[in-house]
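Engineer: model this:
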Amino acid sequence: MRKSPSRSMFRDGAGNLALIAGIVAVVCAFVPFIGDFVTIPAGVVAVVSGWIGLGRAVEGDASNGRDAVIGAALGGIGLFVVFLTFAASSM
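Structural biologist: Predicted coordinates for the structure are as follows:
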């Protein structure tokens, strides 16, 4: 009798998405011209999915609350850098 592959009972997708989108947002925030079009959606996705992932971690449904917080923070930093760049260039 074969053993079925074990599946994790945790729902870590939102935290992982937040971390990946946050890294993309911060890296693209420093790319001129095209970076703004990538950073804003990636930053918003990182913040929202980080919030969802943290909520799941607090409830015990996910095991990567730290990744969710780091991803949301990186997304926020990316959005802040784009905002500063836009504010400085429009003066």
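Engineer: now the helices for the protein?
Structural biologist: 13-29, 34-59, 65-89 (DSSP state H).
Engineer: so the longest one versus helix 65-89, what angle?
Structural biologist: Per axes from the mean of the first three to the mean of the last three Cα atoms, to 10 degrees, the angle that helix 34-59 makes with helix 65-89 is 150 degrees.
Engineer: and helix 34-59, what other elements does it pack with?
Structural biologist: On a contact count with 3 or more Cβ pairs under 8 Å, 6 or more residues apart in numbering; DSSP states H and E, helix 34-59 meets helix 13-29, helix 65-89. The way it works is simple: take the backbone N, C-alpha and C, and place the C-beta from them, glycine included.
Engineer: before we move on, the earlier item: any idea which of the helices of the chain is most buried?
Structural biologist: Stretch with highest mean neighbour count among these: helix 13-29 (a mean of 22; mean count of other Cβ atoms under 10 Å).
Engineer: sorry, back to before: redo the helices and strands packed on helix 34-59 as CSV? Include mean pLDDT.
Structural biologist: Shown next, in CSV, are the helices and strands packed on helix 34-59 (pLDDT from 0 to 100):
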stretch, mean pLDDT
helix 13-29, 96
helix 65-89, 95
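Engineer: could I get these as TSV with distance to V38?
Structural biologist: Shown next, in TSV, are the helices and strands packed on helix 34-59 (distance: least, Cβ to Cβ, whole Å):
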stretch	distance to V38
helix 13-29	4
helix 65-89	9
